[in-house]
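> pasting the sequence and the predicted coordinates here, then a few questions.
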Amino acid sequence: MSNNGIGLSLLEASKEVGLSKVALLKSIKSGRLSGRRDDSGRWFVDAAELFRVYKPATKTTNPTSNESLTNEDGLTPSTVSDNQTKLAVLEAELQFTKERLADIQERLADTITQRDQWQSQAQAQTLLLTDNRQKGLLQRLLGK
């Protein structure tokens, strides 16, 4: 993650998902991926948003790297990084699911309100169309 705290730069993001900066910028401009610009015009993408849209690139491990080191839980740095990436993806998916659920609940409430309005209107029309008055003798004889 970049030091500025507003997300991954396009270069960092491109390395995370194995795509070019141009491809990511096209995704941002098309609306597929959310991104924001800083005051200098550089694009940044939130990691959770990036991994919601794209799968992380598989990284090759170097046997001479520090990945043979473990922390106090017995996890290697790559395992911790993979878990953080998976967590970011799951958090993004959860947020997306919550937003969809809220949208569906809002639409359901609107549908129920409209149904009730139409039902009330239909009942009012039925009352207007129904003539409950008794016909007089002349009307009955003339069939009116």
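The structure has been received and is ready for your questions. Numbers count the residues shown, from 1 in each chain.
> packing partners of the longest helix anywhere in the chain?
Ranked by residue count and defined by DSSP state H, the top helix of the chain is helix 77-129. If contacts are counted by 3 or more CB pairs under 8 Å, 6 or more residues apart in numbering; DSSP states H and E, helix 77-129 sits against helix 47-53. From N, CA and C alone the C-beta is placed, and that goes for glycine too.
> tell me what the helix it packs on is packed against?
Packing partners of helix 47-53 (3+ CB pairs under 8 Å, 6+ apart): helix 10-17, helix 77-129.
> make JSON lines from the ones you listed and add mean pLDDT, mean neighbour count and distance to residue 23 to it.
Compiled in JSON lines, the helices and strands packed on helix 47-53 are given as follows (pLDDT from 0 to 100; neighbours: other CB atoms under 10 Å; distance: least, CB to CB, whole Å):
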{"stretch": "helix 10-17", "mean pLDDT": "91", "mean neighbour count": "19", "distance to residue 23": "8"}
{"stretch": "helix 77-129", "mean pLDDT": "85", "mean neighbour count": "11", "distance to residue 23": "19"}
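> distance to residue 52 for those helices - can I get that in JSON lines?
Output for the helices and strands packed on helix 47-53, formatted as JSON lines (distance: least, CB to CB, whole Å):
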{"stretch": "helix 10-17", "distance to residue 52": "11"}
{"stretch": "helix 77-129", "distance to residue 52": "4"}
